[in-house]
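> Fold the stuff below for me.
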Amino acid sequence: MADKTVSIGILVLMVLFVGSYQSCVFDFGQHRYDLTKLEKKGKNENWEVNVHEAHGDTLMMMNFCRTVNTEIPECQGAAVCQYDELHMTGGTHPFGAASDTIIQPPDGSNRLEPSNTEFKMNHLHSKDPHDAFMRSSVIFMVCATGGDTVKYLEMVTDPDAKTATAYFTFTSPHACPVTKPFIDEGFIVGVLNTVGLGWFLVVITIVGVAIYFITGAIVKHFRLGVSGIELIPHIDMWQQLPFLVADGTRFLGNLALHPIALTANGLRTMLNARAGYVGIGEEEKAL
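Predicted structure coming up:
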């Protein structure tokens, strides 16, 4: 029992001081990024950009935090997908799985990477069943005020290795760093799922009571110069608490034994008793 309580207490302290990774919320050093507002949830709703190729216009679809929203079989599970309406067999390809995403800080190693890139999203390992190509995509996220803009940069293909990588830039205010919260909501949810709400509330209560007594004792010692039992904050209230509890218990017991006090007759009796009260000075007037 004691060991379990100590373990839960440690988890609560971790809630206060440790961050966690959430889908579309991640940290690089002192910076936190939150892409949740870029997530498209509607049916067939995605971020789209047209790519002009030799055989015609091709639509590149992408989404953040989840897969692209489409019923196209080849695009299921993809974070980025190329769709060619005129070449359904040869022109529709997934360019990286949403479940296989790596988020990295900029390193300047790629000639296509903008100098003001905040981070890059690598969507990897989509093997096309039609031509056995391994297709991936890289999105350079650029912080800027204004609206959201996606731009196709280039397709880098290696026919011998059967690999192809599509490069994009995504300019958005949501690519800018945000302030880290003192308490991470995602980690709190994880703790609740691990230990349960009941134990979480018990530990929070114990920690809160301890802070109350320790802080109160320190303040009273340095501001009022008291010591001993007088260090207890609001000591008069705590000394009277047992008597208040006893009075409350006695009242509830009497109420259970005499429920008529809650009926209309009981209320009428109390009102009549109050009406018969004579104040000081009024007795002489009555005489």
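> Relative to residue 168, how far out is residue 235?
Using CB to CB, to the nearest Å, residue 235 is found at 66 Å from residue 168. In this view, the C-beta of every residue, glycine as well, is placed from N, C-alpha and C.
> swap in residue 26?
Taking CB to CB, one finds residue 26 at 19 Å from residue 168.
> In terms of neighbours, single out the busier of those two.
Taking neighbours as other CB atoms under 10 Å, residue 26 and residue 168 compare with residue 168 leading, 24 against 16.
> And the pLDDT at the closest residue in space to that one that isn't next to it in sequence?
Leaving aside its chain neighbours, residue 168 sits nearest to residue 139 (4.8 Å; criterion: CB to CB, 6 or more residues apart in numbering). Residue 139 carries a pLDDT score of 94 in this model.
> which residues does residue 139 contact?
Counting by CB atoms under 8 Å, 6 or more residues apart in numbering, residue 139 touches 62, 80, 120, 121, 123, 168, 169, 170.
> what is it paired to in the beta sheet?
Note on residue 139: beta-bridge partners by DSSP bridges are residue 121, residue 168.
> tell me the SS of residue 154?
strand (DSSP: H, G, I helix; E, B strand; the rest coil).
> Can you report how many residues lie near it?
12.
> for the chain, which spans come out with low pLDDT?
Scanning the chain for pLDDT under 70 picks out 1-23, 29, 52-57, 85-90, 126-130, 180-193, 258-287.
> what about the longest helix in it?
As assigned by DSSP state H, the longest helix anywhere in the chain is helix 197-224.
> can you pull out the strands in this structure?
25-28, 31-34, 47-53, 56-62, 80-83, 93-94, 101-104, 117-127, 134-143, 149-158, 163-172 (DSSP state E).
> can you redo these as CSV with distance to residue 254?
Shown next, in CSV, are these (distance: least, CB to CB, whole Å):
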stretch, distance to residue 254
strand 25-28, 57
strand 31-34, 58
strand 47-53, 70
strand 56-62, 71
strand 80-83, 74
strand 93-94, 75
strand 101-104, 67
strand 117-127, 69
strand 134-143, 69
strand 149-158, 74
strand 163-172, 68
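> tell me the contacts of residue 148?
Residue 148 touches 38, 47, 170, 171, 172, 173, 174, counting by CB under 8 Å, 6+ apart.
> Quickly note the distance from the closest residue to the fifth one other than its chain neighbours to residue 48.
Excluding its sequence neighbours, the residue lying closest to residue 172 (CB to CB, 6+ apart) is residue 148, at 4.3 Å. Using CB to CB, we find residue 148 at a distance of 12 Å from residue 48.
> now do residue 72
According to CB to CB, residue 72 and residue 48 sit 13 Å apart.
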